[in-house]
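> Sequence unavailable; structure follows:
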């Protein structure tokens, strides 16, 4: 099967377009503004701030996890649980904020920022409201690592 017949049929149009578009560049000019809705603009601003803060928070938590993994003591265990609880509070707060932005601006989950906000708002075990339960979950996870 060949597309030769179709190309032959459109050859005059293709040749004409090549002449018409000889000095044209394809794509958007650099001075064209990015067309974003108010919701996408707000989401991008929030996500930019979130990324910086999350990077710092997750790094801090991983440092504590590493300290515990390399020096298993009651003190490092306590710090690990505290770090997990602190990260959990952060995740709950940003999940609530991400959900608020999704709802306030009716952002579609099909957009890039919508997908990111939706992923942030889906927080799993951090959604546990009871801190005691979260502490027990952390202890159980720790115990399972030694099995």
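Yep, that arrived. Predicted model only: the values in this text are computed from it and were never measured.
> ok, residue 98 to residue 84 distance?
20 Å (C-beta to C-beta, to the nearest Å). Just so you know, the C-beta spots here come from the backbone N, C-alpha and C atoms, and that holds for glycine as well.
> count of residues packed around residue 22?
7 (other C-beta atoms under 10 Å).
> And it, its phi and psi?
Backbone torsions for residue 22, taken as degrees, to the nearest 10, come to phi -50, psi -50.
> Name the next helix or strand downstream of whichever strand or helix holds residue 99, please.
Secondary structure from DSSP states H and E places residue 99 in helix 74-105. Downstream of helix 74-105, the next assigned helix or strand under DSSP H and E is helix 112-121.
> and the angle for that next one with helix 74-105?
140 degrees (axes from the mean of the first three to the mean of the last three C-alpha atoms, to 10 degrees).
> how far does helix 112-121 sit from the chain's center?
Here helix 112-121 is found 6 Å from its chain centre; the criterion is C-alpha atoms, centre = their mean, to the nearest Å.
> Buried residues of stretch 86-99, list them for me.
87, 88, 90, 91, 94, 95, 97, 98, 99 (16 or more other C-beta atoms under 10 Å).
> swap that for stretch 111-126, sorry
Counting neighbours by 16+ other C-beta under 10 Å, stretch 111-126 gives 111, 113, 114, 116, 117, 118, 120, 121, 123, 126 as buried.
> Tell me, what's the model's pLDDT at residue 18?
Note on residue 18: pLDDT of 89.
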